[in-house]
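In: Starting from these lines, generate the structure:
(one chain, ligands or ions: 2)
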Amino acid sequence: MNQYTIFPFQFARLSQNDILMVNECGDFLFLPEDIFQLFVNHTLPETSEYFCKLKSHIFCADENIEIALQKTAARYRTRKSFLREFTSLHMMVITLRCNQHCEYCQVSCADRDAHKYDMSKETAIKVIDMIFQSPTQRPKIEFQGGEPTLNWDVVTASVLYAEKIALQQNKNVSFVICTNLTGITTSQLEFCKDHNIAISTSLDGERSIHDSCRKDKSGRGTYDAFMEKLETARKIVGEDMVGALMTTTAFSLNKLKDVVDEYVRLGMDGIFIRSLNPYGFAAEQSATLGYSMESFVEKYLEVLKYIIGLNARVFFPEQFATLLFSRILSPFATGFVDLQSPSGAGISGAIYDFDGSVFPADEARMLARMGDRHFCLGNAATSSYHDIFAGRKLKEMTSGACVETTFPCAFCVYQAFCGTDPVRNYLESGSEVRNMSHSPFCIKHKGILRGLFDILRKADDMTKDIIWSWITYNPSLVRRI
Ligand code: SF4
Ligand code: SF4
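Out: Ligands and ions are numbered 1, 2, ... in the order given. A predicted model of the protein is given here:
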């Protein structure tokens, strides 16, 4: 028996002869079964190539355990460094009114003239005062709705006030407006240009796919109106400042390649293949719009391979895979509030509803819109920053929302790259912390992570270059056909 010390790790058999091992700091290795058996039985020769790999990735140490532990701690701290940016993403619901009526609207938007759902300027100012109490040096303010351009005076007042406070506090504030674009005016776009406001819009795919869900109040598809405004927005604000998101529904699940082709045709800088969230109208319409998470994973991995193939001729990242590959292949933290441990809810992102109510996540306010205010942390107009962000409710929620302490995540080989979502847990099980086995969240992330490791295991040089070009956002890493 050899005297090396084995450090904690998780493992899974990906194929008959390939064992995936991942340690506490997220380093991974594939080992053949026989080598794995030798290693765990302390009989792997310390002179072997595999032993050197295991030691350099800190799966074990021979003599100097203290140094190996210090390296593990340093890598762990780096991976969790997103926690230092408390709280960077702040979403303001400028109004719940909308000029559209999308089939899957997760916020259950209100009628165009229902002004009671508008945020007032007074509330917006209180919200911004609260945002600037966050320790982060780089607050990002995202204007959401409904359709925020319908309450434009409050958007402009918020931007001007936030810029003033940022200057006083020497902070670097950035803005995003989430808009369906169909009603946006030239002067609104010019304001976005002048104040460096990025535009995040929605495009579900080519005309028939987009129009099947994204409709105006009379039930007509919005594709034509969207395309016209997309062109204007790109001209005025700049192509790099206009991004689009898609939502996969039963209408597009079997046509994801068509969705990708539409994004490529329009010169978009990538795509995020998103599954449907079960909130608002999407929950009411789940029989028509929904699908099983197993089918989503299957179709996601299928289209991901298609996108990797496309990258042989054009730089076009799939953004969810990019995020996960980045976690797998680099030691750095990736800010993505929906998939973090501890959960990003409240500590990485927070949302301020039109009436000033503060929620730890967008989905929490969607839940409130469905009648359940369980996650409401307080109100920006009446509660103090300390009450909300250092209060008992957020502390209790965060301390339970860790994969490291949740079953079966604590024993899962994908733990270092995954996260947890207390709001979704509560919606599905009535409890913020639940057994994740067989939950749609787990089926999705386990399935996708397994698929990504499979891609890595079989990757040729071209595929590796493509993956690194996505992670580093450097198209020149790939020699294209
Ligand atoms: S999804 Fe967005 S654009 Fe569509 S109805 Fe809801 S708020 Fe309006
Ligand atoms: S949710 Fe599933 S995939 Fe993610 S860590 Fe937990 S058990 Fe693993």
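
In: Point out the residues in the protein that sit beside ligand 2.
Out: Applying CB under 6 Å from any ligand atom, we find that the chain lies next to ligand 2 at 403, 408-409, 412, 414-415, 418, 436, 441-442, 445-446. Using the backbone N, CA and C atoms, a C-beta is placed for each residue, glycine as well.

In: and the two most separated of those?
Out: Q415 and F441 (13.6 Å; CB to CB).

In: per-domain residue ranges of the protein.
Out: Under the assignment automatic domain parsing, the domains of the chain span 5-79, 87-379.

In: Would you pull up how far the last one lies from the middle of the chain?
Out: Think domain 87-379. Distance of domain 87-379 from its chain centroid, counting by CA atoms, centre = their mean, to the nearest Å, is 11 Å.

In: so what's the backbone phi/psi at Q100?
Out: Main-chain torsions, Q100, degrees, to the nearest 10: phi -110, psi 170.

In: Which pLDDT value does the model give it?
Out: We have a pLDDT of 97 for Q100.

In: follow-up on the earlier one: burial-wise, tell me which of the domains of the chain comes out on top.
Out: Of all the domains of the chain, domain 87-379 carries the top mean neighbour count, a mean of 19, counting by mean count of other CB atoms under 10 Å.

In: Can that one be said to contact ligand 1?
Out: Yes. Using CB under 6 Å from any ligand atom, domain 87-379 comes into contact with ligand 1 via 98, 100-102, 105, 107, 109, 145-147, 180.

In: From the residues of the chain next to ligand 2, pick the one nearest ligand 1.
Out: F441 (21.8 Å; CB to the nearest ligand atom).

In: Check what pLDDT the closest one gets.
Out: At F441, the pLDDT recorded in the model is 96.

In: Now do the contacts for it.
Out: Listed by CB atoms under 8 Å, 6 or more residues apart in numbering, the contact set of F441 reads 420-421, 424-425.

In: Scan these and report the most crowded one.
Out: Counting neighbours by other CB atoms under 10 Å, T420 leads those with 29 neighbours.

In: do you know how far that residue is from R214?
Out: 30 Å (CB to CB, to the nearest Å).

In: Ok, L160 next?
Out: 31 Å.

In: just R373 next, same as before
Out: 29 Å.

In: Equivalent analysis for I236, please.
Out: For I236, the distance to R214 - CB to CB - is 22 Å.

In: before we move on, what about D258?
Out: D258 sits 15 Å away from R214, going by CB to CB.

In: again with T472
Out: For T472, the distance to R214 - CB to CB - is 33 Å.

In: so M397 touches F359, yeah?
Out: No. Here M397 does not reach F359: they are 11.1 Å apart, not a contact under CB atoms under 8 Å.

In: Strands along the chain, start to end?
Out: Remark: strands assigned in the chain by DSSP state E are 5-6, 9-15, 18-23, 28-31, 60-61, 89-93, 140-144, 174-178, 197-202, 242-245, 349-352, 357-359, 378-379.

In: Determine the set of other helices and strands touching the second one.
Out: So the one you mean is strand 9-15. strand 18-23, helix 440-458 (3 or more CB pairs under 8 Å, 6 or more residues apart in numbering; DSSP states H and E).

In: Skip the chain neighbours and tell me the closest residue to D387.
Out: Among residues not flanking D387 along the chain, G378 sits closest, at 5.5 Å (CB to CB, 6 or more residues apart in numbering).

In: for L329, that is, sorry about that
Out: Leaving out its chain neighbours, the residue that sits closest to L329 by CB to CB, 6+ apart is I471, at 6.4 Å.

In: Could you do P408 as well?
Out: Going by CB to CB, 6+ apart, P408 has S437 as its nearest residue, at 5.6 Å.

In: pLDDT wise, what is the one you found at?
Out: At S437, pLDDT is 93.

In: follow-up on the earlier one: quick one: the residues of the chain next to ligand 2 as a markdown table, columns for distance to ligand 1 too.
Out: Below are those laid out as a markdown table (distance: CB to the nearest ligand atom, whole Å):
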| residue | distance to ligand 1 |
| --- | --- |
| V403 | 30 |
| P408 | 34 |
| C409 | 31 |
| C412 | 33 |
| Y414 | 31 |
| Q415 | 33 |
| C418 | 27 |
| M436 | 28 |
| F441 | 22 |
| C442 | 27 |
| H445 | 24 |
| K446 | 29 |
